[in-house]
Structures are given as structure tokens and as C-alpha cells.
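J.: Next comes the sequence, and after it the predicted model I'd like to discuss.
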Amino acid sequence: MLFIALLVGSFFGVLEGRGVLNWHTPSWVVPALLFCMLFLAFCKINPRQLRLRGWHMVLLAYQIVGSLAVFFLVRPFSPLLAQGLMICVLMPTATAAPIITDRLGGDITQITAYVMLSNIMTALFVPLFFPFVNPAVEITYIDRFLQILKHIAPLLFIPFFGAWLLRLTYDAFMRRQNRPERFNLPGPLASLPFYLWVCLIVILIARTVRDLYHYQGELFPLIGLFVGTMIICLGQFLLGRYVGSRCSFKGAAVTAGQSLGQKNSALAIWMTQSWLNPLAALAPAAYIIWQNLFNSWQLVRAARERTSRG
């Protein structure tokens with residue numbers, strides 16, 4: 001299904017790029033899909049079980065140190081490529097990552113904690129990094145911090161606390177009725193976030209392919225960004241899985257791999273276009289393609305393993 005979503009999104013993106021189709025989704029559609037996805041995903045977890053883990057700190061340290069290392073290593077060859085690859089390392093975990101992690105048999109509670117941490121880390125550290133990366137940026141730390149927080153908070157914290165409030169209200173009602181049941185998301189609703197995410201992928205891939213189709217710059221930087229992003233994407237998934245393999249909880253490798261590899265590319269594109277070289281935004285745009293191709297392969301592989309086990 002995810003692979004079909006990639007093909008359908010690419011098809012619409014090419015048609016829109018060629019001017020055959022004028023397909024623009026309203027601005028509220030993507031935030032609404034994200035909000036519903038996260039609300040339903042967060043209904044599956046008990047916030048009291050959220051804990052800070054050692055592997056969380058390892059991955060956060062990698063995002064900070066690794067992004068700076070990539071930037072300074074690549075900058076002598078291409079400042080544009082350096083900015084694009086840096087943002088692919090620094091950008092936070094995608095808010096949709098718990099949905100794929102759940103499908104792959106990972107720990108949805110632990111990855112939700114990391115999604116929170118990585119997005120907060122981004123809001124704190126990006127305003128410090130970008131003035132060094134692009135000295136032309138003339139905006140205060142507080143202004144940058146508030147702008148990033150404005151994009152993160154509504155789609156992360158509101159569904160989280162809304163799901164928590166629903167759980168607390170339901171459990172309190174059952175206790176008053178002297179009934180043992182506790183909040184549990186019904187089966188059909190538990191699967192709905194994945195299908196909402198598939199719809200979101202169609203929209204994001206269509207936008208990405210359209211933007212690549214309209215690219216008017218030199219070919220070499222585009223190839224460099226596309227190939228470099230592929231290497232960064234695969235490297236982060238594999239590094240995350242390696243870190244997770246050193247942990248003992250169930251689905252640790254999958255959980256850590258998705259935490260580091262699946263990125264909030266939409267936020268990264270906005271940050272890059274706002275404060276860095278706008279062409280560098282092609283890197284997180286390409287990352288959308290690579291990470292979803294990798295997720296497609298993972299989902300197919302997981303399904304085959306489940307079938308072989310009977």
C-alpha cells in the first residue's frame with residue numbers, strides 16, 4: 001500500500017509539474033491528517049509509562065554532533081550540499097514515526113518519548129546553529145525558537161494531551177461505575193492512523209516530485225543532494241538499528257531505527273527555506289522519497305516474516 005502511495009503521489013506530481021493537472025490540496029488538509037493520526041496513535045499509549053532512556057540520549061547526541069560534523073566536512077566542497085545534508089541529520093523524528101514503528105513490531109511508547117525529545121531539541125538547538133551556518137540570518141534566538149515551536153506544538157503536544165485527557169476521563173468514569181475496564185482503542189480505529197498516513201504520503205510525494213520537476217538550477221548540486229541524502233537516510237536507519245540492538249526491550253532495533261531514520265521532512269523544508277539557502281530544501285524533500293522507499297521495503301519484509309511464521 002505504501003509503495004502504491006509513492007507511485008500515485010509521483011504520478012500526480014509529474015502531471016502537476018507538466019501543467020496537465022492543477023491539483024492543490026487546501027492548507028488545512030496536511031495538519032488535519034497529522035493531528036488525527038497522532039491523536040489516535042497516542043491513544044494507544046499510557047503517558048505514565050513514558051521514560052527517558054539511555055538510547056534516547058545517544059541518538060540525541062548523534063543528531064547534534066553528527067549534523068555539525070557533516071556540515072564542516074562537506075562545506076569545503078559545496079556549501080549548498082553541506083547545508084542540505086546537515087539539516088537531514090539535525091531534523092527531528094517524524095511525528096508519524098510511531099505509526100510505522102507499531103506496524104513493524106517496535107515499542108510505540110519509547111519512540112513517542114523520543115519524538116517529543118527530538119522535536120524539543122530541534123526547537124532549542126536550531127536557533128543556535130543556523131547563524132553560524134548562514135551569517136546572513138538576522139533574527140533573534142527567541143524569535144527563531146518561537147517560530148519553530150509554533151510549527152511543532154499544535155501537531156505534537158495538543159493531540160498528546162488530548163489523548164491523555166480522554167484516557168483519564170474514561171478510566172475515571174469506569175472506576176466510578178466499579179467496572180474493571182480501562183481505556184483501549186477499538187480495533188478499527190487502531191488501524192486507521194496507518195491509512196491516514198498513506199493518504200499523507202500521496203500528498204507529500206506529489207509536492208516533492210512537483211518541486212523537483214520545476215527545478216531550474218544546475219544538475220550537479222541536485223545529483224549531489226539526491227545521492228548524499230540517500231546515504232544519510234540509509235546510514236541513519238542502520239545506525240539507529242545498531243544502537244537499538246544493544247538494548248534489551250522488545251522491538252528495540254526497529255524502535256531506535258525509526259527514531260533516527262524517519263524524519264520530520266516538512267519541518268526541515270520550512271526551516272531550510274526560511275533561514276538557509278532555499279535550494280538546500282531539496283535535500284529534505286528528497287529524504288521524503290528515500291525514507292518512504294525504505295519504510296515500504298521494511299513493511300513488505302515484516303509482512304513476509306509474519307506469513308512465514310504462520
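T.: Yep, it's here.
J.: Which of the three states applies to Y215?
T.: coil (DSSP: H, G, I helix; E, B strand; the rest coil).
J.: the longest helix in the protein is where?
T.: helix 141-176 (DSSP state H).
J.: quick one, phi psi at the residue most central in space within the chain?
T.: Geometric centre of the chain, nearest residue: A94, 1.7 Å, by CA atoms, centre = their mean. When read as degrees, to the nearest 10, the backbone of A94 gives phi -60, psi 140.
J.: one step back: counting contacts, what elements does the longest helix of the chain pack onto?
T.: Using 3 or more CB pairs under 8 Å, 6 or more residues apart in numbering; DSSP states H and E, the elements in contact with helix 141-176 are helix 29-42, helix 108-133, helix 265-275. Quick note: C-beta positions are derived from backbone N, CA and C, even for glycine.
J.: Now render these as CSV, adding distance to R144 and mean pLDDT.
T.: Shown next, in CSV, are these (distance: least, CB to CB, whole Å; pLDDT from 0 to 100):
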stretch, distance to R144, mean pLDDT
helix 29-42, 21, 83
helix 108-133, 4, 86
helix 265-275, 7, 82
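J.: Mean neighbour count and distance to V198 for those - can I get that in JSON lines?
T.: Shown next, in JSON lines, are the helices and strands packed on helix 141-176 (neighbours: other CB atoms under 10 Å; distance: least, CB to CB, whole Å):
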{"stretch": "helix 29-42", "mean neighbour count": "19", "distance to V198": "10"}
{"stretch": "helix 108-133", "mean neighbour count": "21", "distance to V198": "18"}
{"stretch": "helix 265-275", "mean neighbour count": "22", "distance to V198": "16"}
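J.: Could you check the angle the longest helix of the chain makes with helix 108-133?
T.: Using axes from the mean of the first three to the mean of the last three CA atoms, to 10 degrees, the direction of helix 141-176 lies 170 degrees away from that of helix 108-133.
J.: where's helix 141-176 relative to the chain centroid, distance-wise?
T.: Mean-position distance between helix 141-176 and its chain equals 18 Å (CA atoms, centre = their mean, to the nearest Å).
J.: That one vs helix 29-42, what angle?
T.: Using the same axes, to 10 degrees, helix 141-176 lies at 40 degrees relative to helix 29-42.
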